[in-house]
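[1] Coordinates for the following, if possible.
(4 chains)
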Number of protein chains: 4
Amino acid sequence: QDSTGSLTKQLAETAVGVREMSKQLGRTRVHSTIQSILIVTKARDNRLIQLTRELALYLMLKPQKNGRGVDSYVDSQLRTSRRFDAAGIQRDHPDLFVPFPRRRTSDSSVSSTSTAYSKDSSDEEGQLRYWTAEMCSRSPHLFDFVVTLGGDGTVLFTSWLFQRVVPPVLPFALGSLGFLTNFDFADHQSVMDFAIDSGIRVNLRMRFTCTVYRAVSPAEERKNSKFRRKAIKKAETGEILMKNLEKGGWEALESGYSSQVGKCAKDKEIMCFTTRPVESFEVLNDLVVDRGPSPYVSLLELFGDEHHLTTVQADGLTISTPTGSTAYSLSAGGSLVHPEIPAILITPICPHTLSFRPMLLPDSMELRICVPFNSRSTAWASFDGRGRVELRQGDHIKVTASKYPFPTVCADSQSVDWFHSISRTLKWNERERQKSFV
Amino acid sequence: QDSTGSLTKQLAETAVGVREMSKQLGRTRVHSTIQSILIVTKARDNRLIQLTRELALYLMLKPQKNGRGVDSYVDSQLRTSRRFDAAGIQRDHPDLFVPFPRRRTSDSSVSSTSTAYSKDSSDEEGQLRYWTAEMCSRSPHLFDFVVTLGGDGTVLFTSWLFQRVVPPVLPFALGSLGFLTNFDFADHQSVMDFAIDSGIRVNLRMRFTCTVYRAVSPAEERKNSKFRRKAIKKAETGEILMKNLEKGGWEALESGYSSQVGKCAKDKEIMCFTTRPVESFEVLNDLVVDRGPSPYVSLLELFGDEHHLTTVQADGLTISTPTGSTAYSLSAGGSLVHPEIPAILITPICPHTLSFRPMLLPDSMELRICVPFNSRSTAWASFDGRGRVELRQGDHIKVTASKYPFPTVCADSQSVDWFHSISRTLKWNERERQKSFV
Amino acid sequence: QDSTGSLTKQLAETAVGVREMSKQLGRTRVHSTIQSILIVTKARDNRLIQLTRELALYLMLKPQKNGRGVDSYVDSQLRTSRRFDAAGIQRDHPDLFVPFPRRRTSDSSVSSTSTAYSKDSSDEEGQLRYWTAEMCSRSPHLFDFVVTLGGDGTVLFTSWLFQRVVPPVLPFALGSLGFLTNFDFADHQSVMDFAIDSGIRVNLRMRFTCTVYRAVSPAEERKNSKFRRKAIKKAETGEILMKNLEKGGWEALESGYSSQVGKCAKDKEIMCFTTRPVESFEVLNDLVVDRGPSPYVSLLELFGDEHHLTTVQADGLTISTPTGSTAYSLSAGGSLVHPEIPAILITPICPHTLSFRPMLLPDSMELRICVPFNSRSTAWASFDGRGRVELRQGDHIKVTASKYPFPTVCADSQSVDWFHSISRTLKWNERERQKSFV
Amino acid sequence: QDSTGSLTKQLAETAVGVREMSKQLGRTRVHSTIQSILIVTKARDNRLIQLTRELALYLMLKPQKNGRGVDSYVDSQLRTSRRFDAAGIQRDHPDLFVPFPRRRTSDSSVSSTSTAYSKDSSDEEGQLRYWTAEMCSRSPHLFDFVVTLGGDGTVLFTSWLFQRVVPPVLPFALGSLGFLTNFDFADHQSVMDFAIDSGIRVNLRMRFTCTVYRAVSPAEERKNSKFRRKAIKKAETGEILMKNLEKGGWEALESGYSSQVGKCAKDKEIMCFTTRPVESFEVLNDLVVDRGPSPYVSLLELFGDEHHLTTVQADGLTISTPTGSTAYSLSAGGSLVHPEIPAILITPICPHTLSFRPMLLPDSMELRICVPFNSRSTAWASFDGRGRVELRQGDHIKVTASKYPFPTVCADSQSVDWFHSISRTLKWNERERQKSFV
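    Numbers count the residues shown, from 1 in each chain, chains lettered A, B, ... in the order given. Down below sits the predicted model:
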């Protein structure tokens, strides 16, 4: 019987199902053959080079089921490093350098290129191999596993290296543990043994895909009619509706609904400018848009699923993943958000209204942050703290949940890991029990 | 080929699927035969009685596909109300009072009771019927639809009436719209027509099931061996592990892991007290635990999925749904959270540490808020602002996402509704554009 | 030449002078003969009794210029304490119990009473003497100096003991130092020697005088014409003006100016109720007015120098001294305020508007916190965390800077003391330098 | 008798006296002969030029006691403005242009310069005169009064014009009133009449003197022995003590006391670099030091009266006057501070620790904000939002309460003015009474 009541019940049950699946996702233990490991570190830091050598050697010498050790990829800058001393390794362990047919080719989509590439690097067929940024972006499937040595910055760098599919990442800290670096390098042998022999539990951290759209200049627009657009601004809501929205294109809009008293006038046609995507970044922590060196506050228009949400007058805006809730967003006053929650955090930086409280939106929403044409100054965007890009009037950035999450290896369960990390790093709600300050 | 890489990819795709399903859940338009509507209002307010009469009459006279109007349930307190004047309705519209076989019996699980009940209320077989709190809690399937007249408080009262399955709720405001009351009674005819004729879009708001557990007194425990328990406190983490945890029972724990420097001593067996569930409440906004009239701050222990999360020294703690993010949690400094996000908001009230930032946890987590035995005073819990319950030392409350969400009818899409509500009610980030305060 | 310019200059110079004087006030080193010391501690705590005995003995045996040791007043509850063992002291040091003419009588204003009193306590003329709360409130001049043993609570208790003039207070902590307890008891001999021999630097901490006014009941008012009052509510500003305001009396007002659009109607005469002062408290930290056990938020009207400042809808309100800025006010979101700043801190507790930012007012302002007649519930006031007083509709509390500040002895300069206290107790802005969380 | 008790009493009485004087300062009504008025406005804004002309004409034609109207100084850019049309004024009112001996010479300290200057401007002896920035900075005593037309920015510009003594400033707003612009130009005739005829009440707003110190380069230092310095870093406190501190010079220090556990090592001599003052700014609102275009957070060392207070890791720091508490500081999370309170507000911008709560220090304290030599990047300072200055490693800014406050004319009393301003501009704690959000 299709009464609304039972329909509601059915919806509720689906919701419960979704909740359950999402919980399972964070608890899966993955066990598979690990044959090749990528080691990421700061290739300029002498101490790290030494540790990288140590780790690579341990992995290459650790026999797997097939009788061989693990293939280890180290930074190609180390190929000639005196301190890394590849020649010394070869002298001591010549067997590690016996050529061996590649276990696997790159994924098919880039096959022609990678074949060409394989030829160039035919000398890498021993167990000690060298990675380049290009290999990470083009052939992520070459690596079963990534190990990072360093701080949280090294993990963010790894996210930057893998703009598409990311192998599971196991981050080692050298001194005290960080938010993302939840393993102590002091235990690296037992940690690696356990991961290889018993499998790993993976935390699928959401990333954002941030796409920069540039306004098409009027001159260019005049020449090419496909860039010309017209839109209707609805009188009642202030929403801007546009027909025949070109795939991939979108329009910078300057205004939107607000709770205007009364309903104003009538719909009117407005001028609007076509934009086109020029660059794209995957971020693990956050996108920050701020006024950069400009003395003026930034004026930004924020849209969600094509609706105008609010006009931002502030020093800037952070758009963070739950993973990034402990980074810039926290400084700006945001809440702590468990990485399993599918949400986008919007936290204003020094807003000009007292009521601009931080907000969380569903990660299924498509956000756009626009620099309107009436802004006095340009804005600057940075992606996980790197790559500052200037946004001029008419430009915008689209933010969506990425298809390529960032899998990190859990030490315990995801939740326990996270609570440990905020407790040790933020001293979240820590104090001596008898010494509360009231 | 089952490499970890492809496994990761598969997990990622599942995550995308979950995101998509969850998005769809919030957008389903439900269209079904609406035959009976429950009207909730404050039965003491003369103005509201008048409007209830008006609305009931409109609905009863509006012909449906089957030729009859809608059956309208009004508060049983109105049965004898002079102002409601049921006799006058009968005089003017005798056909509405012609007995008619009940369209539907209650759900099977309570069939025997409801059959008995049906006999008692055999006089209700006209279109004008009277509801009681008992009917709402026992036979929610009698109603296809609930309409509320009043403020947000009336919607919370409706949530309290339906502790299990809730029919879709359409909330009318009388003056200005609230957070939950997104329809203006001035438009009630067109709104009802559209809902009945074209179907509705429903927002499934998460509720919490809050279960109060009382400590079993030592005397009682001595007599009954099944209450006796032993537990192990792990030296390394401070976690308390317990074997043979009895279903429905749980233990009040007084401490837990903290980032103690070094690893202490060894596991030790600790005394623990059995608790048993005594009451349960469904909440739509929040559970608030505070110090009540006590001059001392409350000392609470917070557990998530049986792990100790933190010790709370504060005036209290709010545990809110996303719907409740605009209520008490906001006063206490929490963020605004879109109702579609599956999260639990933990916001401390006047905490005694500077670092106790509000936190969001996944709604799949099971929370327990315990009053430890070393607390100087008891604590008080309130559920959506009602029913203050005292928690004594050893008692606790378990909070989980409810199996029975609260479906409210959207005016527009769920997101647009929500942005409108925070904009009009909080003046979120509103100001005259030229008048920013810096 | 009396041009405005030069007048401005003169005003500016006076401002500089005031600033300079106020700076000097906090730096004066006081050196005088110390003949009698009062020791405050928790008389129930066995460990503290032991330390009190030790300290008293040290002081009584330390020879002063006049050849005698210091007269030591201990809690009269210790007179018969076995653990304090006064008899044992007398046995070991009979000379300390040789009667000696009182050095000083109480201040003249209470002379008749205190003469009577002196007779009663004629047995106290040795060096070991016993204090009572009554002596502290009536004859504070008996004591040159107060020493406290315990935590910040003991210092607050000392403030409560001395409702009028307060001798300089030297607070010893037993374990870790607190906000107010800036001396370690481990060093008590050298600290006391230095204070007695070289003088002390005193920090004059502002206190508030909080006077509770009760509404006079209409019945009482009718009988007694002097309680009847009329007032004018100004149309333009909403201010309530009242002629012939009786000294000591004041009226609870229910409304006030707000930024109403346009200017309304005309002045109207309003009913108002006389109130009369019933109790008065000196507070060192704060006055907190909250909803107590009531489930409803408190509705309070706040007036400054007879002007209506704002209507408070919140869980409550804290009115704090700068000393109290590290207590409840901080929990509620207030700033840290250096104790030398002459300001009143107003910090709302969980306010119902996003824009109710904490505020600081000059300490020369007279504040009134009123429970208006239209409040749904009563409110509760507590003074430095003690003595909860219910405020009914029509009652109010007047807060003014006290004529009787609370002098505490500095360890270093006032500022250095304060920075040390917030650093050690709050861990204000502390972190390992390399481990910032972004 | 000079007991400590009575000394305390005496100190307390002085404190009361200071409080009283400081209260009087804010309430003085100044009445004096007003003969010359300076009008400040944006000389580029056509609408404002028109209103300036109107106001100047009104003032010049308003007869004073001496039978003449008021001399009006307008921006020298208007001398040739067609829209201002000075020729037209002369044509219509030739008598206003009759030369008249200057009423007053500049203050003696700059007499020689200003005499020379007077000659150059001998043509200005009618009632319509032209001001330049140079006149404001060198001869502020020429003007009895300043009137501003525009927004708060125009008032800040006036503060910038008068870097030393400032005549009373009466700020007119054109549209809605701002924080500082508390008079409506629509009422300008009655407001000016009242000010001139009945005198004014002046609000002496504190300004800061901000002095930029540049590190002396090692090369320069080597050549000139007077720049060489040695200092001692105290083992126990971390304080840096320096003998023979040269007047006007000061040393950039890189570290300081922190609540280190235990007491470390011993005093050590540290290298330090001499700095010298290069520029000085008076600010009415705030000094902001931030990271400017640098992607790295700023590292700043904060000193108060030569003591190290804290190390700042944040996006920046605002140092605000109470007047500036409604500007940038508020955006960054600071409290609202009544302008009569003698305090310095320290508000971090996006700090990297959860415990860096905003702080208020006495205005008698001398602050220094240093960029330490170990900072990764430089910092940028702006003064009331203008004049961004780069601070390199080793540079610092000294902030002290200025000898030259900024007198603004009150509409009502200072407090009422202020409450009105925050109420209308921030909507501080405003909401419809029935619609609180909980």
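[2] Now do the strand or helix carrying A:Leu287: distance to the chain's middle.
    According to DSSP states H and E, A:Leu287 maps onto strand A:286-290. Taking CA atoms, centre = their mean, to the nearest Å, the mean C-alpha location of strand A:286-290 is offset from the chain mean by 13 Å.
[3] so what secondary structure elements neighbour that strand?
    Where contact means 3 or more CB pairs under 8 Å, 6 or more residues apart in numbering or on different chains; DSSP states H and E, strand A:286-290 is packed against strand A:298-304, strand A:307-320, helix A:328-331, strand A:379-383, strand A:396-401. Where C-beta positions appear, they are placed from N, C-alpha and C, glycine not excepted.
[4] Give me the contact list for it.
    Strand A:286-290 has contacts (CB atoms under 8 Å, 6 or more residues apart in numbering or on different chains) with A:208, A:210, A:281, A:298, A:300, A:315-321, A:324, A:327-329, A:349, A:369, A:379-385, A:391, A:397, A:399.
[5] Keep the residues you listed, but drop any that are not near chain C.
    A:Ala327, A:Tyr328, A:Gly385 (CB under 8 Å from any CB of the partner chain).
[6] could those residues go into CSV alongside neighbour count, pLDDT and distance to chain B?
    Formatted as CSV, those follow (neighbours: other CB atoms under 10 Å in any protein chain shown; pLDDT from 0 to 100; distance: CB to the nearest CB, whole Å):
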residue, neighbour count, pLDDT, distance to chain B
A:Ala327, 26, 93, 13
A:Tyr328, 30, 94, 14
A:Gly385, 18, 90, 21
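[7] And the strands in the stretch 51-200 of chain A?
    Under the criterion DSSP state E, counting those that start in this stretch, the stretch 51-200 of chain A contains strands at A:71-75, A:128-131, A:145-149, A:169-173, A:183-184, A:200-205.
[8] For chain A, give me the ranges with low pLDDT.
    The model of chain A has pLDDT under 70 over residues A:1-12, A:15, A:18-19, A:21-31, A:101-124, A:218-273, A:430-438.
[9] Which parts of it are helices?
    Under the criterion DSSP state H, helices of chain A are mapped to A:4-25, A:46-61, A:86-92, A:111-120, A:133-138, A:152-161, A:188-198, A:218-223, A:328-331, A:414-426.
[10] Tell me how many other residues surround A:Arg207.
    Using other CB atoms under 10 Å in any protein chain shown, A:Arg207 has 25 neighbouring residues.
[11] meant to ask about A:Gln50
    The tally of other residues near A:Gln50 (other CB under 10 Å) stands at 13.
[12] next one: A:Pro277
    The number of residues packed around A:Pro277, counting by other CB under 10 Å, is 14.
[13] Just list whatever residues bridge to it.
    A:Pro277 has the following beta-bridge partners by DSSP bridges: A:Tyr213.
[14] Starting from A:Val16, give me the distance back to it.
    The spacing between A:Pro277 and A:Val16, counted by CB to CB, to the nearest Å, is 38 Å.
[15] next one: A:Ile196
    According to CB to CB, A:Ile196 and A:Val16 sit 37 Å apart.
[16] Looking at these two, which one has more neighbours?
    Using other CB under 10 Å, the more surrounded residue of A:Ile196 and A:Val16 is A:Ile196, with 20 against 16.
[17] From what I see, that one and A:Lys62 are in contact.
    Yes - using CB atoms under 8 Å, A:Ile196 is in contact with A:Lys62, at 7.3 Å.
[18] Can you work out which residues contact both of those two?
    Residues touching both A:Ile196 and A:Lys62 (CB under 8 Å, 6+ apart): A:Val70.
[19] and the nearest residue to A:Phe185 once chain neighbours are set aside, what is it in contact with?
    If the residues on either side of it in the chain are set aside, A:Phe185 comes closest to A:Phe172, at 4.3 Å by CB to CB, 6 or more residues apart in numbering or on different chains. With contacts defined as CB under 8 Å, 6+ apart, A:Phe172 is in contact with A:Val147, A:Thr148, A:Leu149, A:Gly150, A:Thr181, A:Phe183, A:Asp184, A:Phe185, A:His188, A:Val191.
[20] hmm, which two among those are most spread apart?
    The most widely separated members of the contacts of A:Phe172, counting by CB to CB, are A:Gly150 and A:Val191 (15.6 Å).
[21] Show me which of the two is the more surrounded one.
    Using other CB under 10 Å, the more surrounded residue of A:Gly150 and A:Val191 is A:Gly150, with 22 against 19.
[22] Got phi/psi on that one?
    Per-residue torsions, A:Gly150: phi 140, psi -150 (degrees, to the nearest 10).
[23] Tell me if I'm right that it and A:Lys42 touch.
    Yes - assessed by CB under 8 Å, A:Gly150 is found in contact with A:Lys42 at 5.8 Å.
[24] Not counting sequence-adjacent ones, nearest residue to A:Ala293?
    Check again: residue A:293 is Pro, not Ala. Of all residues not flanking A:Pro293 in the chain, D:Pro293 sits nearest, at 3.7 Å (CB to CB, 6+ apart).
[25] try A:Ser298
    Nearest non-adjacent residue to A:Ser298, counting by CB to CB, 6+ apart: A:Arg291, 4.3 Å away.
[26] Could you list the domains of chain A?
    A:29-205, A:208-404 (automatic domain parsing).
[27] Among these, show me which one is buried the most.
    With neighbours taken as mean count of other CB atoms under 10 Å in any protein chain shown, the domains of chain A reach their highest mean count in domain A:208-404, at a mean of 20.
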